[in-house]
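1. here is a sequence with its predicted model. Questions after.
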Amino acid sequence: MAQTVRLPLPRLFPAFASLIAFIVAVPCLNSDPLKEPISMLRTGFEDGLRGWRTQGDAEFALDTAMKHSGAQSARITIAPGTTLSYQQLKWELGPVNPGDEFRVSLWVRSRGVATDPGAYAALQFLDGAGARSGIVHSATSRTNGANDWQRLTMAGTAPKGTENATLDLILHAEGTAWFDDVEVDMTGRLEEWPDLGTQTREITIDTGEVVHPSFGGVGFHVFHHAYPASQEIMDTVIAKRWREIRPSFARMNDRYDWDKATWDDVAGHMRRMLDETGTEIYLTTWGPKKTAPGQERADYAKQVVDNLEYLVRDKGLSNVKTYCMTNELTLDGWGSMVRDMPTFRDYHQHLYDEIQRRGLDVGLLASDASPIEYWHTIEWAARNMDDITAIYGGHHYINDRPLDDERFYPWFLSKLQWGAGIARDKGKNFILGEFGCKQDGRIRDGKKWDACIYWDTPQEPLVAIQLSEAAIAAINAGVYAMGNWTYMDFPDEASTNYANKWGMFRRSGDDYSTRAHYYAYGLLTRFFRGPATVFATACNDPYLRVAAVRHHDAGSWSIAVVNRCPTRVPISLQVKGDQTSATLRKYVYDPANIPFHPFGDMQAPEGLVEMASGKLEDSVGPSTLTVYTSAFDAVRPAAVAGITASKQDDGAWRVEWQANAEEDFCYYRVYGSDEPAFELAVENQVGSTIATHFIDRRPEQAERRFYRVIAVDTSGNAGPG
């Protein structure tokens with residue numbers, strides 16, 4: 001690729017900073033969602049300030065002139081020169097138990113507030129002596145409520161040692177703040193899970209209960225179209241690995257002002273995704289143009305739709321299905337339109353009008369917000385712009401749930417069911433556009449490190465298990481498609497002061513080595529492809545998480561099981577309403593025995609498991625992901641023909657061969673040795689590629705080399721060599 005494509009660096013960490021910088025880190029106890037939330041507080045201050053305690057030097061009053069609804073609101077005014085001490089109105093929520101989960105919503109308005117953190121709210125957890133055991137804040141900013149009434153939300157779980165909790169309405173700045181329509185709900189309680197010991201775990205897949213009739217797939221956000229690589233690296237690493245793990249969904253980013261050469265280059269990547277893996281694309285713009293309302297914004301929308309039309313019509317990219325005008329509601333700064341959704345709607349209105357005028361089959365997504373605490377913008381969009389919205393979606397990073405937390409899954413499932421439910425109520429789909437484990441934001445060697453905080457630690461292998469749980473939660477919540485951040489690292493040279501290293505594999509100089517989760521999440525992208533029907537699952541052990549799909553093309557099954565039990569457990573799986581008998585391949589990711597491969601070849605199946613009359617019996621290991629699938633054939637590719645090898649002037653050996661003709665061909669494995677007789681073993685493998693040639697640079701001063709090449713198909717079958 002000769003064309004260099006550069007993008008503004010994504011601003012992930014302001015999300016982390018704005019929501020987390022003021023949170024005291026505490027160990028989380030994750031609750032089980034309640035079927036019906038319990039109301040702890042509902043007030044519009046119609047009964048005055050009765051029951052509220054005041055704290056600090058300020059005027060605390062009711063105001064009938066400024067209110068969000070009803071007759072009045074609560075007001076806090078801090079005069080100039082007053083010592084700031086987190087002046088607040090405080091409400092005691094009463095006895096609270098560890099693991100109780102709360103959701104808070106309120107409305108705020110402000111005037112004359114010029115300094116951070118401004119007007120906001122906090123949920124404090126207290127032990128028996130009244131000392132703080134934990135605290136969670138809403139978003140904090142001097143701009144909270146500055147232009148109009150603004151909704152603030154937060155959610156928190158009572159940590160160990162908690163006996164009480166308070167809701168605090170805070171002003172920590174000179175000026176005036178009004179608060180109204182305060183709601184506090186208990187949404188979850190910690191319940192003991194049974195220990196089933198050696199008992200068989202009963203799993204049911206109910207074909208009578210469809211969770212999603214046309215699931216789009218497990219996938220990624222990708223950046224390899226934005227940072228060029230040599231054709232050799234594309235053939236042996238980037239495109240080869242993509243073809244093998246076969247994601248059917250990708251979120252990609254663009255720039256509205258790319259020139260034609262750049263768009264042609266990017267379209268080439270999209271074409272490969274369409275032709276080779278049938279990947280559906282959701283496109284979003286990094287660094288959208290800030291415009292004035294009216295004609296300037298309409299002209300900008302035309303420019304954006306010109307780009308979309310070029311991709312869809314001129315380049316024939318029918319896989320470009322979804323578009324959003326920006327990443328995570330960013331315009332003036334990261335997430336700026338969280339507080340200005342009418343502007344987001346206005347941009348999308350112009351885009352919608354132009355797309356409709358041209359008859360393009362591209363739908364608009366709202367709101368792309370991150371994290372879950374900002375998904376209230378999706379609710380806003382459903383109420384105020386559903387007529388121009390084709391699909392809903394948001395992002396989340398798992399910053400407050402440790403990797404070994406077995407209660408993460410039900411928590412995330414409930415959040416995704418809520419988000420997907422907003423879309424479903426409108427007859428629309430929901431995309432989890434970005435997700436990942438805990439973010440790192442430290443400075444290393446002068447660079448901000450945008451990566452998973454667990455990389456290169458003993459905990460890294462467990463990232464795969466939490467990501468798999470997150471994907472299973474999304475599937476079972478009825479999410480249409482999802483994109484893990486990201487497919488591969490940014491190259492080192494992307495920036496002098498910023499490093500984005502979230503990938504399934506590295507990109508640092510000549511290092512393209514895989515990370516552990518490649519061999520778990522890659523199983524899900526490979527076998528949980530769309531289109532497929534998602535069916536409801538149930539298990540008598542809450543420590544097991546199960547997802548099941550039936551693929552539309554061949555009616556084959558793929559089933560994923562994560563076992564959070566500390567021991568291997570027997571399972572009995574029954575497909576209710578289906579008497580299918582089939583042979584399934586069994587793939588396993590075990591964090592204690594990661595199947596690393598020097599060239600990123602995916603692990604082989606551990607064996608075969610029979611499903612007879614819809615019933616399967618097996619066992620799954622502790623803290624593992626197991627995938628069962630009938631989405632394969634057992635026919636091996638033909639032997640590779642016409643293999644030749646020649647030594648180059650630089651001492652490297654060039655190996656060439658004739659292309660295999662199988663429709664399901666995936667890639668080639670190349671083996672080499674100084675001896676004519678050698679095994680087709682990993683220690684003799686010199687590379688993998690999708691091309692019909694390979695450059696072997698390993699031999700030093702070798703005058704004779706012998707090579708063997710085998711073809712591998714999309715089912716993972718290897719041909720003779």
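-> Yep, that arrived.
2. the residue nearest in space to the middle of the chain: what secondary structure?
-> Centrality entry for the chain: nearest residue to the mean C-alpha point is residue 435, 2.0 Å, by CA atoms, centre = their mean. Reducing the assignment at residue 435 to three states with DSSP: H, G, I helix; E, B strand; the rest coil gives strand.
3. mind listing what it touches?
-> Residues counted as contacts of residue 435 (CB atoms under 8 Å, 6 or more residues apart in numbering) are 395, 396, 397, 398, 467, 470, 474, 482, 483, 484, 485. (Glycine included, C-beta is placed from N, CA and C.)
4. sitting in helices, which of those residues do you find?
-> In helices, defined here by DSSP state H, the members of the contacts of residue 435 are 467, 470, 474.
5. the last one and residue 150, how far apart?
-> Meaning residue 474. 29 Å (CB to CB, to the nearest Å).
6. now the first one
-> Remark: distance between residue 467 and residue 150 (CB to CB) = 33 Å.
7. now the ones in helices among the contacts of residue 435 in JSON lines, with pLDDT?
-> Shown next, in JSON lines, are those (pLDDT from 0 to 100):
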{"residue": "467", "pLDDT": "98"}
{"residue": "470", "pLDDT": "98"}
{"residue": "474", "pLDDT": "98"}
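8. closest one of these to residue 283?
-> Distance to residue 283, by CB to CB, is smallest for residue 474 among these, at 20.4 Å.
9. what secondary structure does residue 649 sit in?
-> coil.
10. tally of neighbours for it?
-> 5 (other CB atoms under 10 Å).
11. for residue 615, same thing?
-> With other CB under 10 Å as criterion, residue 615 counts 14.
12. wait, isn't it in contact with residue 572?
-> Yes. Residue 615 lies in contact with residue 572 (CB atoms under 8 Å); the separation is 7.1 Å.
13. list the contacts of residue 283.
-> 251, 252, 253, 254, 308, 320, 322, 323, 324.
14. so which of these is the most crowded?
-> residue 251 (30 neighbours).
15. that one pairs with what?
-> With DSSP bridges as the criterion, residue 251 is bridged to residue 221, residue 282.
16. would you confirm that it contacts residue 433?
-> Yes. If you go by CB under 8 Å, residue 251 and residue 433 touch, sitting 5.1 Å apart.
17. how far off centre is stretch 116-124?
-> 28 Å (CA atoms, centre = their mean, to the nearest Å).
18. what is in contact with residue 251 and residue 433 at once?
-> 221, 282, 284, 483.
19. dump the residues you listed into a markdown table; add pLDDT as well.
-> Converted to a markdown table, the shared contacts of residue 251 and residue 433 look like this (pLDDT from 0 to 100):
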| residue | pLDDT |
| --- | --- |
| 221 | 97 |
| 282 | 98 |
| 284 | 98 |
| 483 | 98 |
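20. hmm, which two among those residues are most spread apart?
-> Most distant of the shared contacts of residue 251 and residue 433, by CB to CB, are 284 and 483, 10.5 Å apart.
21. joint contacts of these two?
-> In contact with both residue 284 and residue 483: 251, 433, using CB under 8 Å, 6+ apart.
22. so which of those two has more stuff around it?
-> Taking neighbours as other CB under 10 Å, residue 284 and residue 483 compare with residue 483 leading, 26 against 22.
23. which residue is the nearest non-sequential neighbour of the more buried one?
-> Counting by CB to CB, 6 or more residues apart in numbering, residue 251 is the residue found nearest to residue 483 once chain neighbours are left out, at 4.1 Å.
24. wasn't residue 262 part of a helix?
-> Yes. Looking at residue 262 with three-state DSSP, it is inside a helix.
25. can you report how many residues lie near it?
-> 18.
26. got it, and residue 69?
-> The burial count for residue 69: 12, using other CB under 10 Å.
27. quick check: it touching residue 181?
-> Yes. If you go by CB under 8 Å, residue 69 and residue 181 touch, sitting 5.8 Å apart.
28. show me the contacts for residue 273.
-> Residue 273 touches 242, 250, 279, 281, 319, counting by CB under 8 Å, 6+ apart.
29. possible to save these as CSV with pLDDT?
-> Output for the contacts of residue 273, formatted as CSV (pLDDT from 0 to 100):
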residue, pLDDT
242, 98
250, 98
279, 98
281, 98
319, 98
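30. buried ones from the residues you listed, can you make that a PyMOL selection?
-> Typed into PyMOL, the next command selects the buried ones out of the contacts of residue 273 (criterion: 16 or more other CB atoms under 10 Å):
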select buried, resi 242+250+279+281+319
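31. now, among the contacts of residue 273, which is nearest to residue 208?
-> Among the contacts of residue 273, and counting by CB to CB, the member closest to residue 208 is residue 279, at 31.1 Å.
32. tell me the spacing between that closest one and residue 243.
-> For residue 279 relative to residue 243 (CB to CB), the value is 11 Å.
33. any weak-confidence spans in the stretch 451-600 of the chain?
-> Nowhere does the stretch 451-600 of the chain drop to pLDDT under 70.
34. let me fix that, I meant to ask about the stretch 51-200 of the chain.
-> Those would be none, if you go by pLDDT under 70 across the stretch 51-200 of the chain.
35. can you rerun that using 90?
-> Counting by pLDDT under 90, the stretch 51-200 of the chain shows low-confidence ranges at 99, 134, 139, 155-157, 159-161, 188-192.
36. and residue 587, what element?
-> strand 582-589 (DSSP states H and E).
37. can you list the buried residues in stretch 631-647?
-> 631, 632, 636, 637, 640, 643, 645.
38. how's this structure carved up into domains?
-> Taking automatic domain parsing as the reference, the chain has its domains at 15-189, 221-530, 534-629, 644-713.
39. toward the C-terminus, what is the element adjacent to the helix or strand residue 349 falls within?
-> Counting by DSSP H and E, the element that carries residue 349 is helix 341-358. Next along the chain after helix 341-358, taking DSSP H and E as the criterion, comes strand 363-369.
40. what's the angle from that next one to helix 341-358?
-> 160 degrees (axes from the mean of the first three to the mean of the last three CA atoms, to 10 degrees).
41. and strand 363-369, which strands flank it?
-> Strand 363-369 has these strand partners (DSSP bridges): strand 320-324 (parallel), strand 391-397 (parallel).
42. coming back round to it: overlap in contacts of residue 69 and residue 181?
-> Contacts common to residue 69 and residue 181, judged by CB under 8 Å, 6+ apart, are residue 44.
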